[in-house]
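Colleague: Okay, structure incoming, though there's no sequence with it:
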């Protein structure tokens, strides 16, 4: 099994940020009222006064104003599927696993189309609220081990050294920068 982070790894840049900008352009009536609080939350996050989970919930706080979220997500992927790296598509296998901090509702359609499995942040697409923890850092190997207790990870790919706990589970790991692969630093 090979495991891939999603954002800035096989998809560039970040799917949540790209989705937010897409929604700001396509459904401004839903997103614009939340922008001031989202900017304030982003500043608090940068200062270390707000966690990633809380920031993500604030950024997605526009979701209750969205009518058909499934249709919006489908349209988003039609417009952005081309951002998936050709390097990944060339080596994709059916037993690949994507593990990401991005919301499951956002990534599930593209993972289904790619024919790969997904572990992601569990966010209610009607409310923008996260159940459990944000699927990031040490949460990734925890969820992976719960779901695949006996799995052997051949290769792991990520853009971030914060994924070191996942890299440690793999036989070989790679750092990905703008669709270029480098050996994981020791």
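Modeller: Received the coordinates, thanks. What you see is a predicted model; the values in this text were computed from it and never measured.

Colleague: So residue 20 sits against residue 58, correct?
Modeller: No - with contact defined as C-beta atoms under 8 Å, residue 20 does not reach residue 58; the gap is 10.9 Å. (Each C-beta comes from the backbone N, C-alpha and C, glycine too.)

Colleague: Look up how far residue 81 lies from residue 43.
Modeller: Using C-beta to C-beta, to the nearest Å, residue 43 is found at 32 Å from residue 81.

Colleague: Residue 132 now?
Modeller: Applying C-beta to C-beta, one obtains 28 Å for the distance of residue 132 from residue 81.

Colleague: Please apply the same query to residue 181.
Modeller: Plainly put, residue 181 is 21 Å away from residue 81 if you go by C-beta to C-beta.

Colleague: And residue 156, by the same measure?
Modeller: Applying C-beta to C-beta, one obtains 23 Å for the distance of residue 156 from residue 81.

Colleague: Neighbour count: these two, which is higher?
Modeller: Of the pair residue 156 and residue 81, residue 156 is the one with more neighbours under other C-beta atoms under 10 Å, namely 27 against 13.

Colleague: The more buried one is in what secondary structure piece?
Modeller: Under the assignment given by DSSP states H and E, the secondary-structure element containing residue 156 is strand 153-158.

Colleague: for residue 16, same thing?
Modeller: helix 15-26.

Colleague: contacting residues around the helix or strand following that helix?
Modeller: The helix or strand immediately downstream of helix 15-26 is helix 28-31, counting by DSSP H and E. Taking C-beta atoms under 8 Å, 6 or more residues apart in numbering as the criterion, the residues outside helix 28-31 that touch it are 20, 23-24, 62, 65-66.

Colleague: What residues of helix 28-31 count as buried?
Modeller: Judged by neighbour count (16 or more other C-beta atoms under 10 Å), helix 28-31 contains these buried residues: 30-31.

Colleague: distance between that helix and the chain's centre?
Modeller: Averaged C-alpha coordinates place helix 28-31 at 22 Å from its chain's average position (C-alpha atoms, centre = their mean, to the nearest Å).

Colleague: Let me see the mean pLDDT of that helix.
Modeller: For helix 28-31, mean pLDDT rounds to 97.
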